[in-house]
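1. Please work out how this folds:
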Amino acid sequence: MATRSGGHWSGPIFKAIEAKEFESIASLCEKVESEVGGAALVSDWPYALHMFGYLINKDLESARFLWKRTPKSAIESNPEIKMVWRITQCLFLQDYQLLYEALRLHPWSKLCATTAAFFLAKFESDTVTLLTSVYTTVSLADAAKFIGRPAGDAAEFFKNLGWQLDATSMMLTVQKPVVQNDYCSNPIQLQELTQYVVHLEG
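-> Below is the predicted model:
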């Protein structure tokens, strides 16, 4: 089967990244796929970036399907695809410590670096939104675990959010936002996030 390089048809995807329109990556990849007859026909298809697009939109099933149809040759030639798949597995397994580690420590390529950073920031922000919805006080140790940071880094992180740390008990007093993030306005999403807290506390 003949393949082509990305060329001009990958332009919209890269433009979306430059414009920081990360939520549109998945749909743009699907559109380009449809236009060229499938990702397998493009020799340098950005599978890792495509999968990140699904993760940003919380579409784990599409990410799983993309992995299943990724050519073995592409996986073997680009370790980054395996890393994004590992992150996908972490989400399925609720292994958030490993997820944070993979996102922060992997030497991402220029193509995926800004998207990986956006996903990390979004996931961390969603987690903080959950904490503010569930807790009024939480131990520094638990809060650090929730965001995958060492206690010292976590203390500074939450301090910047206006949370107060009691140096004796090492308990954080949660700063409730004046306007709640829309992410938790959906009761189904809130239930999913609450299950995440239960899992981490387990």
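2. And the helices in the protein, which stretches?
-> Residue ranges of the helices in the chain, as given by DSSP state H, are 11-18, 25-36, 47-56, 60-69, 72-77, 79-93, 96-105, 110-134, 140-147, 151-160, 187-201.
3. And the average pLDDT for the shortest one is what?
-> By that I understand helix 72-77. The average of the pLDDT scores along helix 72-77 is 94.
4. got it, and stretch 87-99?
-> 93.
5. what about Leu60, distance to Thr137?
-> In this structure, Leu60 and Thr137 are 32 Å apart, going by C-beta to C-beta, to the nearest Å. Bear in mind the C-beta positions are built from the backbone N, C-alpha and C, glycine included.
6. quick one on the thing from earlier: do you know which of the helices of the chain lies nearest Asp166?
-> helix 140-147 (9.1 Å; C-beta to C-beta).
7. now the closest one and helix 151-160, what's the angle there?
-> Interaxial angle of helix 140-147 relative to helix 151-160 (axes from the mean of the first three to the mean of the last three C-alpha atoms, to 10 degrees): 90 degrees.
8. by how many degrees do helix 140-147 and helix 110-134 diverge?
-> Relative orientation of helix 140-147 and helix 110-134, computed by the same axes, to 10 degrees: 140 degrees.
9. In JSON lines, list the helices of the chain along with distance to Val174.
-> Output for the helices of the chain, formatted as JSON lines (distance: least, C-beta to C-beta, whole Å):
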{"stretch": "helix 11-18", "distance to Val174": "34"}
{"stretch": "helix 25-36", "distance to Val174": "33"}
{"stretch": "helix 47-56", "distance to Val174": "26"}
{"stretch": "helix 60-69", "distance to Val174": "29"}
{"stretch": "helix 72-77", "distance to Val174": "42"}
{"stretch": "helix 79-93", "distance to Val174": "25"}
{"stretch": "helix 96-105", "distance to Val174": "19"}
{"stretch": "helix 110-134", "distance to Val174": "6"}
{"stretch": "helix 140-147", "distance to Val174": "9"}
{"stretch": "helix 151-160", "distance to Val174": "9"}
{"stretch": "helix 187-201", "distance to Val174": "13"}
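10. what about the protein, any weak spots by pLDDT?
-> Along the chain, segments meeting pLDDT under 70 span 1-9, 178-202.
11. Which residue is most remote from the mean position of it?
-> Taking C-alpha atoms, centre = their mean, the residue of the chain most remote from its mean C-alpha position is Thr168, at 34.3 Å.
12. any idea how far that one lies from Cys29?
-> From Thr168 to Cys29 the distance is 51 Å (C-beta to C-beta).
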